[in-house]
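Visitor: A predicted structure for the sequence below; I have some questions about it.
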Amino acid sequence: MIPFHRLRLPLVTLAALGLIAATPSSEALQSLIAAERAFSALSVERGMNEAFLSNLAEDAVLFRPRAVSGRKVWEGRPRVPGTLIWEPAFAEVSAAGDLGVTAGPWEFRPPEEAKDRPVSYGDFISVWRRPEGGPWKVIVDIGSEHAKPERGILQVAAIPGPAHTRFLKNGDKALDNQALAFMKMADAKGLEQAVRRWGAGDIRAFMDGTQARLGLPDALGLATRFPGRLRMIEEGKGIARSGDLGYRYGWAERFGPKGGRDSTVYMHVWRRDRKGWKLAVAVMNPFH
């Protein structure tokens, strides 16, 4: 099948459909990857505090475990000893080049004087925003921690997400409706059924305690760890100017099939193509 963005339809036809074919520019994608790598390099060279305060947007959120102001966290935090380093293994950018998502492995290496402390490992997931004429800044930052992976940071390369299409109409409303439908299904039939219905074929799923899951079958396997009803409460959202990439985050209460009850935070990145919205990145971190 010929990819939709390569179909040479007349502009009037595309406008009638509410979209214009476009691919993320090489400049936008490469600048996003470069921004993520520069963020990590600054963390190594100058420390985590300076790196985060230099790269977080004014309204950025981190999760502790619920979403909180990222700048307030780092402005009020004593200098953290040790080295945090990471590398993007995935990067995707909107057709407008104003919103992107990156993910990949991180390592925290304790300071030399703390030789008895082991190295920590995990994955980061960051949503980036770039205003016109401005630099990329992190708007949402979340991650997971897990055992040492088989491949180290220096063995990964950034894989680009798929080409995107610029949509001209109803971007916000369409994503609002899609996210609401997902939440309703998760509440009525459980997370697994919602992911099965709207998960992208190349979905990336993350959760504390386990390594990243790539592809819908593995994501569904991870979703089975949340049996029962999942009542999601949205706390924040955003969408690209091109109406093709958006994010949602919040927290959720799970009502287990045997009466158990617990809570988790979530962060979703949604991708839109001519068939509608699909869940491209999903993070579920249970409260500890």
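Guide: Received the coordinates, thanks.
Visitor: Burial check on the nearest residue to residue 273 once chain neighbours are set aside, number of neighbours?
Guide: In space, and not counting its chain neighbours, residue 273 is closest to residue 165: 6.2 Å by CB to CB, 6 or more residues apart in numbering. Just so you know, the C-beta spots here come from the backbone N, C-alpha and C atoms, and that holds for glycine as well. Neighbours of residue 165 under the rule other CB atoms under 10 Å: 23.
Visitor: Can you tell me how far residue 165 is from residue 270?
Guide: With distances taken as CB to CB, to the nearest Å, residue 165 is found 14 Å from residue 270.
Visitor: How is the spatially most central residue of the chain assigned, secondary-structure-wise?
Guide: The geometric centre of the chain, computed from its C-alpha atoms, lies nearest to residue 125 (CA atoms, centre = their mean), at 4.7 Å. Classification of residue 125 by DSSP: H, G, I helix; E, B strand; the rest coil places it in strand.
Visitor: Now for the nearest residue to it once chain neighbours are set aside: which residues touch it?
Guide: Leaving aside its chain neighbours, residue 125 sits nearest to residue 103 (4.6 Å; criterion: CB to CB, 6+ apart). Contacts for residue 103 (CB atoms under 8 Å, 6 or more residues apart in numbering) come out as 88, 89, 90, 123, 124, 125, 126, 204, 206, 212, 281.
Visitor: in stretch 230-244, what's buried?
Guide: 230, 232, 234, 237, 238, 239, 240, 241, 242, 243, 244 (16 or more other CB atoms under 10 Å).
Visitor: Strands - which of the residues you listed land there?
Guide: Judged by DSSP state E, the subset of the buried residues of stretch 230-244 located in strands is 230, 232, 234, 237, 238, 239.
Visitor: would you turn those into CSV with pLDDT?
Guide: Output for those, formatted as CSV (pLDDT from 0 to 100):
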residue, pLDDT
230, 96
232, 97
234, 97
237, 97
238, 97
239, 96
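Visitor: wait, which of those residues is closest to residue 46?
Guide: Nearest to residue 46 among those: residue 238, at 28.4 Å, using CB to CB.
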